[in-house]
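Enquirer: just coords:
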């Protein structure tokens, strides 16, 4: 993947618009609501997808700041 979009579920509509715009430009995007395999362990799936992506695009908001999943995403990307 070229990019992983990290976001709070409260910002799903913005993330979806960004995903569509990037894909229209030929950029391969991983967005967790659309790409998680059923039955996969959410934490491991997120970590593997972040590690396989070239960049993390983090949609920061008040909701993202309090999300444990968003925190996990950016810490995974940082390390």
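Expert: The structure has been received and is ready for your questions. Note that the structure is predicted; figures quoted are calculated from it, not measured. Numbering: from 1, shown residues only.

Enquirer: and the helices in this structure?
Expert: Using DSSP state H, the helices assigned to the chain run over residues 12-24, 32-35, 42-52, 62-65, 68-78.

Enquirer: give the rounded mean pLDDT of stretch 8-25.
Expert: Looking at stretch 8-25 alone, the average pLDDT works out to 94.

Enquirer: same deal with stretch 30-44?
Expert: On average, stretch 30-44 scores 60.

Enquirer: tell me how far the ends of it are from each other?
Expert: Counting by CA to CA, to the nearest Å, you get 14 Å between the two ends of stretch 30-44.

Enquirer: what's the answer for stretch 55-70, then?
Expert: The first and last residues of stretch 55-70 sit 15 Å apart, counting by CA to CA.

Enquirer: now the helices of the chain in JSON lines, with distance to residue 5 and mean neighbour count?
Expert: (C-beta placed from N, C-alpha, C; glycine too.) Converted to JSON lines, these look like this (distance: least, CB to CB, whole Å; neighbours: other CB atoms under 10 Å):
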{"stretch": "helix 12-24", "distance to residue 5": "5", "mean neighbour count": "14"}
{"stretch": "helix 32-35", "distance to residue 5": "8", "mean neighbour count": "14"}
{"stretch": "helix 42-52", "distance to residue 5": "10", "mean neighbour count": "15"}
{"stretch": "helix 62-65", "distance to residue 5": "11", "mean neighbour count": "14"}
{"stretch": "helix 68-78", "distance to residue 5": "9", "mean neighbour count": "15"}
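
Enquirer: export these as TSV, with columns for distance to residue 2.
Expert: As requested, the helices of the chain are exported to TSV (distance: least, CB to CB, whole Å):
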stretch	distance to residue 2
helix 12-24	8
helix 32-35	13
helix 42-52	10
helix 62-65	21
helix 68-78	14
